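Colleague: No letters, just coordinates:
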DNA sequence: TGAAATTATGTCATTTCTGACATATACTTA
DNA sequence: TAAGTATATGTCAGAAATGACATAATTTCA
């Protein structure tokens, strides 16, 4: 309930700084959280741009709507494995993933 | 026992083609396996270039020598999460990871 | 408005991953 | 050669992630 909590606070107008500031994360932990956040945001954008509902995507990757919701929310119960499998399933390439992880915008 | 098996066969001189050919993987599955393979190879290179033993790295990431060996062997029991955490722990940046995933080369 | 569709949240049994351990196999190098 | 160091492989109990479900909250749109 770490990154997700932050997101909820932000949504509620709290406007927290970085995840690393908010929680007290080591640089590596912060990078890891940042990574997951980027992937989850990318997943949401890609799904929406394809006009798929969470349920549609869930079916495609043999998961459930609730888990897709958690993926997109950056829920800590979701692994990188699942996020990346989902991204690949909706057409992202390895290069797309590289772009998401890298720091240029 | 997928990618690891292939690696063992290759090491034994079987010289198999791509993982996708060998097993019958969907493109997404093949990408996923490729991803893990790249990360595990990168981990091994980085560890060696730092002159760390597997036991040293294990200690640093609070794991065990046997698990590090499995990470580097591309063992299917190892998650992307663990691979990436390990890479971040020995100093890889998000950009480094992006380079590993991307297709240049 | 309100009903339908979509998304969010909580829970839980099952599956999968994990560190740890034992032990085998490979390297070094004396 | 042997002894020491490093790496590989197999196993397992405990931990973490998973899909599925119920249901709440939100959005969409006629």
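Modeller: Perfect, I can see it now. Everything numeric here is computed off the predicted structure, so don't read it as measured data.

Colleague: Might you enumerate the residues of chain A proximal to DNA strand D?
Modeller: Neighbours of DNA strand D within chain A, by CB under 7 Å from any atom of the strand: A:58, A:61-67, A:76-79, A:81-82. C-beta: built from backbone N, CA, C; applies to glycine.

Colleague: Go through the residues you listed and flag which are in helices.
Modeller: Among the residues of chain A next to DNA strand D, the ones falling in helices (DSSP state H) are A:58, A:65-67, A:81-82.

Colleague: The residues you listed also near chain B: which ones?
Modeller: Among those, the residues that sit close to chain B (CB under 8 Å from any CB of the partner chain) are residue A:81.

Colleague: how about a markdown table for the ones in helices among the residues of chain A next to DNA strand D, with distance to residue B:87 added?
Modeller: Formatted as a markdown table, these follow (distance: CB to CB, whole Å):
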| residue | distance to residue B:87 |
| --- | --- |
| A:58 | 30 |
| A:65 | 32 |
| A:66 | 31 |
| A:67 | 26 |
| A:81 | 15 |
| A:82 | 19 |
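
Colleague: Buried subset of the ones in helices among the residues of chain A next to DNA strand D, written for ChimeraX?
Modeller: Only the buried entries of these go into this ChimeraX selection, using 16 or more other CB atoms under 10 Å in any protein chain shown:
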select /A:58,67,81,82
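
Colleague: Farthest-apart pair in the ones in helices among the residues of chain A next to DNA strand D, please.
Modeller: Farthest-apart pair in those is A:65 and A:81; separation 19.2 Å (CB to CB).

Colleague: right, and out of the ones in helices among the residues of chain A next to DNA strand D, which lies closest to DNA strand C?
Modeller: Relative to DNA strand C, the closest of these is residue A:66; by CB to the nearest atom of the strand it sits at 2.9 Å.

Colleague: Please read off the pLDDT at the closest one from the model.
Modeller: pLDDT for residue A:66: 98.

Colleague: ditto for residue A:25
Modeller: pLDDT, read off for residue A:25, is 76.

Colleague: about what we covered before: would you mind trimming the ones in helices among the residues of chain A next to DNA strand D to those in range of DNA strand C?
Modeller: Applying CB under 7 Å from any atom of the strand to these, those adjacent to DNA strand C are A:65-66, A:81.

Colleague: can you count the residues close to residue A:70?
Modeller: 19 (other CB atoms under 10 Å in any protein chain shown).

Colleague: what's in contact with stretch A:59-74?
Modeller: The set of residues external to stretch A:59-74 that reach it, using CB atoms under 8 Å, 6 or more residues apart in numbering or on different chains, is A:3-4, A:7, A:36-37, A:40-41, A:43-44, A:47, A:52-55, A:57-58, A:77-78, A:82-83, A:85-86, A:89-90.
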